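In: here's a sequence, model it:
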Amino acid sequence: MAAGGFCKLPNGTVVVALNLPSPAADGPSGVRVLVHARNRARALTRLRNLGLRSVYLRGNAAPPTPDEITAVLHHPDGLIWRTAPGNGVLTGPAPAVELWRPIRALLRRPAAPA
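Out: Below you'll find the model as predicted:
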């Protein structure tokens, strides 16, 4: 389960924002994931198809900010992430040095030792 929210755009599509715990035990406290899709169900399905099986959106406690919406709309995949400050819950704007990354960078497995 994840905290997050959504915003419906004028063209009928939605941007879903989710705060997820870090997939790496030694990684940062959490990540903020943004998904652009036709509707909320399709956005969550996109994440589940990538292996994030237990992702649910309950309520609209942490909707995407206008800057986040702009970032995800300008990304070709419409699926980006960055580390969430503090305890994994986005309480304000993220640091200016933190850039949005494609979801492939989050889900990439480290290379096995030779």
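
In: make it CA atoms for all contacts and neighbour counts henceforth
Out: Will do.

In: and the residue lying closest to Val31 once chain neighbours are set aside, how many residues sit next to it?
Out: Here the nearest residue to Val31 in space, its sequence neighbours aside, is Thr83; by Cα to Cα, 6 or more residues apart in numbering that works out to 4.2 Å. Per other Cα atoms under 10 Å, the neighbour tally for Thr83 reads 25.

In: quick one: secondary structure of Asn60?
Out: State at Asn60, reduced to three classes by DSSP: H, G, I helix; E, B strand; the rest coil: coil.

In: and the gap between it and Arg40?
Out: According to Cα to Cα, to the nearest Å, Asn60 stands 12 Å off from Arg40.

In: name the single longest helix found in this structure.
Out: If you go by DSSP state H, the chain has its longest helix at helix 40-49.

In: check which helices and strands the lowest-mean-pLDDT helix or strand in the chain is in contact with.
Out: Lowest by mean pLDDT, DSSP states H and E among the helices and strands of the chain is helix 103-107, with a mean of 79. For helix 103-107, the contact count by 3 or more Cα pairs under 8 Å, 6 or more residues apart in numbering; DSSP states H and E identifies strand 79-83 as packing neighbours.
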